[in-house]
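Peer 1: Show me the folded form of this:
(2 chains)
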Amino acid sequence: MTEATQATLAEMLIVACAEAWRGDGEVLATGIGTVPRIAAGLAKLTHTPELMMTDGEAYLVEEPAPLGERASGFAGYMPYSRVFDLLWRGQRHAMVTPVQVDRWGQCNISVIGEFAKPKVQMLGVRGFPGNSINHANSMFLPNHGPRVLVEGEVDLVGSVGYKEERWPPGVKRDFVDLRQVITNLCIMDFNGPAKALRVISLHPGVSFDAVQAATGFPLVQAEELATTPLPSAEQLEIIARLDPGNWRSYVIKDNPPALREAA
Amino acid sequence: MALNKEMTAAEVVATLSNGMTLGVGGWGPRRKPMALIREILRSDLHDLTVVAYGGPEIGMLCAAGKVKKLVYGFVSLDKIPVEPWFRKAREAGGLEVSELDEGLLQWGLRAAAMRLPYLPTRVGLGTDVTTINPGFKTVTSPYDDGEVLLAMPAVKLDVALLHADAADHWGNTRLYSPDPFFDDLFARAAGRSYVSCERLYERLDLVASDTAKASLYERNLVAGVVHAPLGAHPTSCAPNYGWDMAHFKDYAAAAREDEGWARYCAQYLSGDEAAYQAAVGGADAIASLELPVL
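Peer 2: Numbering: from 1, shown residues only, chains lettered A, B, ... in the order given. Predicted coordinates:
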């Protein structure tokens, strides 16, 4: 058995998430949450060294800071005021984990239920409205299911998507750029007809039907459906270096292997 | 004749009145003027509109029944992602709120800081930000592009409450934290500002001349300075001390208890600031709280 076949699902997802930033050049790569953050570092240390990233606080770093450790050196300064300056120019690609996503790519992290008296008050819209109308965004969804990828519209639209009725005449949406959705079952993009979510890669041991059954709306299937690759030994070594505390093992319930048959 | 703007926290709160709009500097559980907030909690002020990148000050003011309306980019304790007393107040219903994109709040403060009625932006269009803020209107660019933009209304503050590393009697300040957040905009958006500080000097030019670049808003924005060492507790005050997550956990647990706020008040807020610091473990314990790794 090679190292790669012992990779966990979380590690395979980190590699898949890192691919979302491939070839982006000198944009600020912001991965929010354990897997996206490791993935941004992996992207910078492998295929896209031009990426910019922060220490998670106020500085730009060229050596991605391992989770739980302080950055080794600061290359530049990026307090929140400058994050806004930069993102309103569009030079950023964020990866986030919304609570709800709908067929139009609209996301919710604000409330479950009615806004006036929420069943659950969550984070609020935070930076989602500004991020989504200005720069590239991808999503990492560790629990692919119909409560996440919802049948109707999300309870509160925090980030913009491709729903026509949401766009008043004259509003510029040229900068809306929804890239990839990496879930625990598959990888999707928005290149289906009329920007529909389209499955482009299935993780080993997962069928399209299983993905569709776990989704609240109809999905498009890419003509050439790929199988998500396992991490290489080099990628696993970098992942371990970026996450010395193995926080990635807590992302997916029971930390299953990437090859489900091996379970 | 030298200026001396030194005040006590109680003197600051005595200048505030019911129904005022207060802006609070800092960011989530970071560099909040908590000694000033605690003085408000001890007062009979009510019906406040509070504007913030919110942390525990929002939850506490809600729990104490001080708030009529909240204007926020978020309300979070970071490792406790949703501020527990804010969540409780929201889920109970009846709280008037303006939930904003973080950058949109910055834009509204900037408009107020420049004495403009609004500033145009794309942020918020295409989302429910315009639904949950039904007063927001759009404008059409008068130029050839004719683009329709959101006119983010100015977020005007009566008073801003801020915390700084150092200040002097004239109202000069220093912020040494890696990220100063938007304290400068809160100060400029406000009719007047009060600054609590870790260290108070007569003249910063005599003791901290080399760090004048860390002075991010002018003294003519500052109406009063309050010497409140460790006054950001339980929030962090980098580079001086970290946030007190153990305290936040106890505070969050109180939100799940019957009469939890009364318990929190009795345990921590029944005396003055010295009694508060003793109740949370003493000044040495606060000063040695480690800065979080993010």
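
Peer 1: What's the local residue count around residue A:70?
Peer 2: 12 (other Cβ atoms under 10 Å in any protein chain shown). Quick note: C-beta positions are derived from backbone N, CA and C, even for glycine.

Peer 1: which residue sits closest to residue 93, ignoring its sequence neighbours?
Peer 2: Let's take chain A. Nearest non-adjacent residue to residue A:93, counting by Cβ to Cβ, 6 or more residues apart in numbering or on different chains: residue A:136, 4.0 Å away.

Peer 1: Sorry, I should have been clearer: chain B.
Peer 2: In space, and not counting its chain neighbours, residue B:93 is closest to residue A:117: 3.2 Å by Cβ to Cβ, 6+ apart.

Peer 1: ok, residue A:162 - contacts?
Peer 2: A:104-105, A:176, A:178, A:190, A:194-195 (Cβ atoms under 8 Å, 6 or more residues apart in numbering or on different chains).

Peer 1: ok, so of the residues you listed, who is nearest residue A:227?
Peer 2: residue A:190 (20.9 Å; Cβ to Cβ).

Peer 1: Could you tell me the phi and psi values at that closest one?
Peer 2: Dihedral angles of residue A:190 (phi, psi; degrees, to the nearest 10) stand at phi -110, psi 30.

Peer 1: Also residue B:112?
Peer 2: According to degrees, to the nearest 10, residue B:112 has phi -60, psi -40.

Peer 1: Quick check, it in contact with residue B:189.
Peer 2: Yes. Counting by Cβ atoms under 8 Å, residue B:112 touches residue B:189, with 3.8 Å between them.

Peer 1: any residues in contact with both of these two?
Peer 2: Listed as contacting both residue B:112 and residue B:189 by Cβ under 8 Å, 6+ apart are B:154-157.

Peer 1: how deep is residue 257 tucked in, by neighbour count?
Peer 2: Just so you know, I chose chain A. Residue A:257, neighbours per other Cβ under 10 Å, totals 19.

Peer 1: Chain B, not that one
Peer 2: For residue B:257, the neighbour count with other Cβ under 10 Å is 11.

Peer 1: again with residue B:292
Peer 2: By other Cβ under 10 Å, 16 other residues sit near residue B:292.

Peer 1: My impression was that it belongs to a helix - is that right?
Peer 2: No. Assignment of residue B:292 by DSSP: H, G, I helix; E, B strand; the rest coil gives coil, placing it outside any helix.

Peer 1: count of residues packed around the closest residue to it other than its chain neighbours?
Peer 2: In space, and not counting its chain neighbours, residue B:292 is closest to residue B:242: 5.4 Å by Cβ to Cβ, 6+ apart. By other Cβ under 10 Å, 21 other residues sit near residue B:242.

Peer 1: PyMOL command to pick out the buried ones of the contacts of residue A:162?
Peer 2: What follows is the PyMOL syntax for the buried subset of the contacts of residue A:162, where burial is set by 16 or more other Cβ atoms under 10 Å in any protein chain shown:
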select buried, chain A and resi 104+105+176+178+190+195
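
Peer 1: In terms of helices and strands, where is the residue nearest to residue B:93?
Peer 2: If you go by DSSP states H and E, residue A:117 is not part of any helix or strand.

Peer 1: Check residue B:35 too.
Peer 2: Using DSSP H and E, residue B:35 sits in helix B:34-42.

Peer 1: about what we covered before: run through the residues that contact the residue nearest to residue B:93.
Peer 2: Taking Cβ under 8 Å, 6+ apart, one finds B:90-94 in contact with residue A:117.

Peer 1: give me that answer again for 10 Å
Peer 2: By Cβ atoms under 10 Å, 6 or more residues apart in numbering or on different chains, the contact set of residue A:117 is A:111, B:90-95.

Peer 1: what about the stretch 51-200 of chain B, any weak spots by pLDDT?
Peer 2: Counting by pLDDT under 70, the stretch 51-200 of chain B shows no low-confidence range.

Peer 1: can you map out the strands along the stretch 1-150 of chain B?
Peer 2: B:21-24, B:48-54, B:67-75, B:96-99, B:118-121, B:137-140, B:148-153 (DSSP state E, counting those that start in this stretch).

Peer 1: Adding distance to residue B:267 and mean neighbour count as columns, could you present the ones you listed in CSV?
Peer 2: Shown next, in CSV, are the strands of the stretch 1-150 of chain B (distance: least, Cβ to Cβ, whole Å; neighbours: other Cβ atoms under 10 Å in any protein chain shown):
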stretch, distance to residue B:267, mean neighbour count
strand B:21-24, 23, 26
strand B:48-54, 23, 25
strand B:67-75, 22, 23
strand B:96-99, 29, 19
strand B:118-121, 44, 20
strand B:137-140, 47, 13
strand B:148-153, 40, 21
